[in-house]
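K.L.:
After the sequence you'll find the predicted model.
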Amino acid sequence: MASNPPAPSPYSFISKIVTIGDSGSGKSSLTIRLCEGRFVSHHDVTIGVEFGSRIVPVGPPASLEHGINDPSARVTRGVNDGVKKGGKGGKEEQKYMKLSLWDTAGQETYKSITRSYFRGASGALLVFDITRRNTFNSVTSWLHDLRQIAEEDIVVILVGNKSDLASPPASATAKPSQRQVTQEEAEEWCKVNRVMQYVETSAKSGENVERAFLEVAERIYQGIEAGKYNLNDRRSGVKGPGAGGGSTRTVTLAKEPAAKKGGCC
C-alpha cells in the first residue's frame, strides 16, 4: 500500500538568531514573550544557552502590512523573480521563516561558552536595559565579540529593553522615569558602529517585541532573495527546510553539552 506523501513544511526557511548582552538585560524574557506570549518577572540565570523557536511571516504581503523595512529597497534578482502567485488577483504567496532562537548567557563567567554559539548565526539581537547605563556601555564589547566569531555580514539590531520603566510620569504621584539611556544616544551608537537599527521593547507589556525579531527576519529574507545564502549548506545560518536531511538539523540540542534545557518553547 502506498504511503501518504509527507505534509508540506509550514515554513520555507530556517535561520539561527542569537540574543546577546549583559545579564539581567531581559534577553530570556524577550524570547519567552515572543515564543509563549507571556512575561516572566523572575527568571533563573541562563547557563550557556537556552533555545526557543517561532515561525514568522517574511516578505510581502506581511512586510507591507507591518511596515517592516521597505520592500522596494531590497537588492534582489527582481521583486517578482521566483515569487509564487496565488489567490485572487495574482496576490503573492506569503512565505514563512522559522527562527531558531539561541538565548545566550550574559554573565562574564559563561562568556567563553557563549561565544561558541555565535558561529553560524545569521542574525543577532544585541540587548541592553535602558534603565542601567552599564549594560549599554557593554554593547560595544558584545558587538566586537560577535563580529570576530560570527559571519561577517550577520544582521544585527540594537534592542533597548524595559521601555515600560522609561515612560515619563503621568501624574505628580506616579513613579519617575528610570531611563538612563536616551533613544538619541542609542541611535547614534548604531550609526557609529554600523548596526542597522535600534528598537525599544518591553518584555513586560510586549511592546515591539515581535517587531524586533521581525526586523531581523525580514533583513535575512532580503539576503535570501539576493542570493546571499547557500540554503543547502549545513554550516550556513540560513537553510531551506530540508537542508542536511531535515529541519531538525538546524539545532542539535543533544550535542550541546553546556546547554541548559527548558526555558522558552
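P.N.:
Thanks, I have it.
K.L.:
tell me the mean pLDDT over stretch 58-76?
P.N.:
For stretch 58-76, mean pLDDT is 72.
K.L.:
Same question for stretch 168-175.
P.N.:
63.
K.L.:
Check stretch 10-24 too.
P.N.:
On average, stretch 10-24 scores 93.
K.L.:
Report the separation between the two terminal residues of that stretch.
P.N.:
When the termini of stretch 10-24 are compared using Cα to Cα, to the nearest Å, they are 34 Å apart.
K.L.:
can you give me the offset of that stretch from its chain's centre?
P.N.:
On the basis of Cα atoms, centre = their mean, to the nearest Å, stretch 10-24 is displaced by 4 Å from the centre of the chain it belongs to.
K.L.:
Repeat that for stretch 149-167.
P.N.:
On Cα atoms, centre = their mean, the centre of stretch 149-167 falls 9 Å from the chain's centre.
K.L.:
let's have the chain start at 216 instead
P.N.:
Yep, numbering from 216; the last one is stretch 364-382 now.
K.L.:
That one spans what distance, first to last residue?
P.N.:
With Cα to Cα as the measure, stretch 364-382 spans 36 Å from end to end.
K.L.:
try stretch 413-432
P.N.:
Span of stretch 413-432 from end to end, Cα to Cα: 15 Å.
K.L.:
Same question for stretch 225-242.
P.N.:
27 Å.
K.L.:
Tell me the buried residues in that stretch?
P.N.:
By 16 or more other Cβ atoms under 10 Å, the buried positions in stretch 225-242 come out as 226-242. All C-beta spots, glycine's among them, are computed from the backbone N, C-alpha and C.
K.L.:
Could you do stretch 370-386 as well?
P.N.:
Quick answer for stretch 370-386 (16+ other Cβ under 10 Å): 370, 371, 372, 373, 374, 375, 376, 377, 378, 379, 381.
K.L.:
and the third one, backbone torsions?
P.N.:
Geometry field for residue 372 lists phi and psi as phi -130, psi 150, criterion degrees, to the nearest 10.
K.L.:
Excluding chain neighbours, what is closest to it?
P.N.:
The shortest distance from residue 372 to any non-neighbouring residue, by Cβ to Cβ, 6 or more residues apart in numbering, is to residue 412 (4.7 Å).
K.L.:
For residue 239, see how far away that neighbour is.
P.N.:
Going from residue 412 to residue 239 by Cβ to Cβ, to the nearest Å gives 23 Å.
K.L.:
Alright, I will stop here.
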